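Engineer: here you go, sequence then predicted model.
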Amino acid sequence: MPMTVGVGIPNDLRTIAEDARRFEALGVDSVFVGETQHNPFLPLVLVAEHTQRLTMGTSVAIAFPRVPHITANIAWDLARYSGGRFVLGLGTQVKGHNERRFSVPWAPPGPRLRDYIACMRAIWDSWQNGTKPNYEGEYYQYRLTSPFFNPGPIDHPDIPVIISAVNPFNARLAGEVCDGIAIHGFSTFRYIREVLIPAVHEGARRAGKDPSTLHVNGGGFVVTGRTPDEVHEALERTRRQVSFYASTRSYANVMKTHGWDDEAAQLHRLSIEARWDDMAAVITDDMLEEFCVIGTWDELPGRMREKFAGINTQVTLPIDPTTPDEEAQFRDIVAALKTIPAVGEV
């Protein structure tokens, strides 16, 4: 599977159509939107309408606030409208956000996500092939429908499902029951190589799948700018972002891999005390080197090759060119990134 290049696109209904057209013309392979301040599915209708070849997806939509039938229905419509260019990216979020932001009762997220995906695939099978609704899982079920509620078959029913993962359980789940993994940005490249990728491959082998067919997206932070000063400013913003993630106990395995248990505990205490401004100082430059690709636009292709070779099937380019000269350089960077060896090629 060759390396592709993706771009996280601003989730703004007023501008996303033009942004998508522009990135498609610049050689980007896919665009994706996350679920932060806005709905992640709605803007993809505009992306599908105004592009011809771009793959588009959620990176990621939060699964549990939506029951499987709702997500299955949205994905089905987007797959049909886009001509099979939609990728469903799902994530679990942490307990606090599920309970206190989304009003969703908490359960073990890995087993629940497995059940969620199996239920969703049963729904799609029913719509495509007319199979009887008879799915009964631990958390979800699909045992009732009628022609009135069935959207019917589509030309591209095999919708790729990719899940976000930081821990080995979900990485194995991605390999076993999904089409790939969206590696969380809060993952050092050592952690990706030593923990996550082996877990993805283990999951694939359990299911009798060839690991080389899986999508591997994301991972790490790409810190860049046109000048060294811009890179420095971006790095300091990333330092704060890393400190925020590192304070979350759900991500402790990443810190533990490097022996940063004490720093993780300190950051957690600071977060409880709402001392957000003090947290960034805990993240050292050496720690940032483990989490980040750092370099100017000129340096970026080489730096990303060093970090991502043999890990990913898609890399994310956090650059938004605004002038003809910048667009020309952007095209060159995209072309260079597509030559990085993907998983299995090193």
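Structural biologist: Arrived safely, thanks for sending. Residues are numbered from 1 along each chain as shown.
Engineer: give the contact list for the nearest residue to residue 48 once chain neighbours are set aside.
Structural biologist: Leaving aside its chain neighbours, residue 48 sits nearest to residue 82 (3.8 Å; criterion: CB to CB, 6 or more residues apart in numbering). No exception for glycine: its C-beta is placed from N, CA and C like everyone else's. Shown in contact with residue 82 (CB atoms under 8 Å, 6 or more residues apart in numbering): 44, 47-48, 56.
Engineer: low-confidence stretches in the stretch 51-200 of the chain?
Structural biologist: In the predicted model of the stretch 51-200 of the chain, no residue satisfies pLDDT under 70.
Engineer: where along it do the helices fall?
Structural biologist: Assigned by DSSP state H, counting those that start in this stretch, the helices in the stretch 51-200 of the chain fall at 68-82, 95-100, 109-129, 168-177, 189-191, 197-206.
Engineer: tell me the most buried of those helices?
Structural biologist: Greatest average neighbour count among the helices of the stretch 51-200 of the chain goes to helix 168-177 (a mean of 23), per mean count of other CB atoms under 10 Å.
Engineer: packing partners of that helix?
Structural biologist: On a contact count with 3 or more CB pairs under 8 Å, 6 or more residues apart in numbering; DSSP states H and E, helix 168-177 meets helix 109-129, strand 161-165, strand 180-183, helix 197-206.
Engineer: with distance to residue 326 as new columns, can the ones you listed be given to me in JSON lines?
Structural biologist: What follows is the helices and strands packed on helix 168-177, written out as JSON lines (distance: least, CB to CB, whole Å):
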{"stretch": "helix 109-129", "distance to residue 326": "40"}
{"stretch": "strand 161-165", "distance to residue 326": "30"}
{"stretch": "strand 180-183", "distance to residue 326": "27"}
{"stretch": "helix 197-206", "distance to residue 326": "33"}
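Engineer: out of these, nearest to residue 327?
Structural biologist: For residue 327, the closest of the helices and strands packed on helix 168-177 is strand 180-183, at 27.2 Å, according to CB to CB.
Engineer: so which elements touch the closest one?
Structural biologist: For strand 180-183, the elements it packs on are strand 161-165, helix 168-177, strand 215-218, judged by 3+ CB pairs under 8 Å, 6+ apart.
Engineer: save these as a markdown table, and put in distance to residue 60 too.
Structural biologist: A markdown table is the format used below for these (distance: least, CB to CB, whole Å):
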| stretch | distance to residue 60 |
| --- | --- |
| strand 161-165 | 5 |
| helix 168-177 | 12 |
| strand 215-218 | 9 |
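Engineer: which stretch among these comes nearest residue 141?
Structural biologist: Nearest of these (CB to CB): helix 168-177, 17.6 Å.
Engineer: circling back: and the helices and strands packed on strand 180-183: which comes nearest residue 232?
Structural biologist: Per CB to CB, nearest to residue 232 of those: strand 215-218, 24.0 Å.
Engineer: name the helices or strands packed onto that closest one?
Structural biologist: For strand 215-218, the elements it packs on are strand 161-165, strand 180-183, strand 314-316, judged by 3+ CB pairs under 8 Å, 6+ apart.
Engineer: nearest to residue 270, out of the ones you listed?
Structural biologist: Checking the helices and strands packed on strand 215-218 against residue 270 by CB to CB gives strand 161-165 as the closest, at 25.2 Å.
Engineer: let me see the contact set for the closest residue to residue 164 other than its chain neighbours.
Structural biologist: Closest residue to residue 164 apart from its sequence neighbours, by CB to CB, 6+ apart: residue 91 at 3.8 Å. Listed by CB under 8 Å, 6+ apart, the contact partners of residue 91 are 35, 60-63, 163-164, 182.
Engineer: go on, residue 254?
Structural biologist: Contacts for residue 254 (CB under 8 Å, 6+ apart) come out as 166, 186-188, 191, 246.
Engineer: from these, which single one is nearest residue 1?
Structural biologist: Residue 1 lies nearest to residue 187 out of these, by CB to CB, at 20.1 Å.
Engineer: what separates the nearest residue to that closest one once chain neighbours are set aside from residue 55, distance-wise?
Structural biologist: Among residues not flanking residue 187 along the chain, residue 219 sits closest, at 5.1 Å (CB to CB, 6+ apart). Taking CB to CB, to the nearest Å as the measure, residue 219 falls 18 Å from residue 55.
Engineer: more crowded one of these two?
Structural biologist: More crowded of residue 219 and residue 55, by other CB atoms under 10 Å: residue 219, with 28 against 21.
Engineer: pretty sure residue 252 is touching residue 262, no?
Structural biologist: No - the pair residue 252 / residue 262 is not scored as a contact, 11.7 Å apart, by CB atoms under 8 Å.
Engineer: neighbour count: the two, which is higher?
Structural biologist: residue 252 (17 against 10).
Engineer: Three-state assignment for that one, please.
Structural biologist: Using DSSP: H, G, I helix; E, B strand; the rest coil as the criterion, the local structure at residue 252 reads helix.
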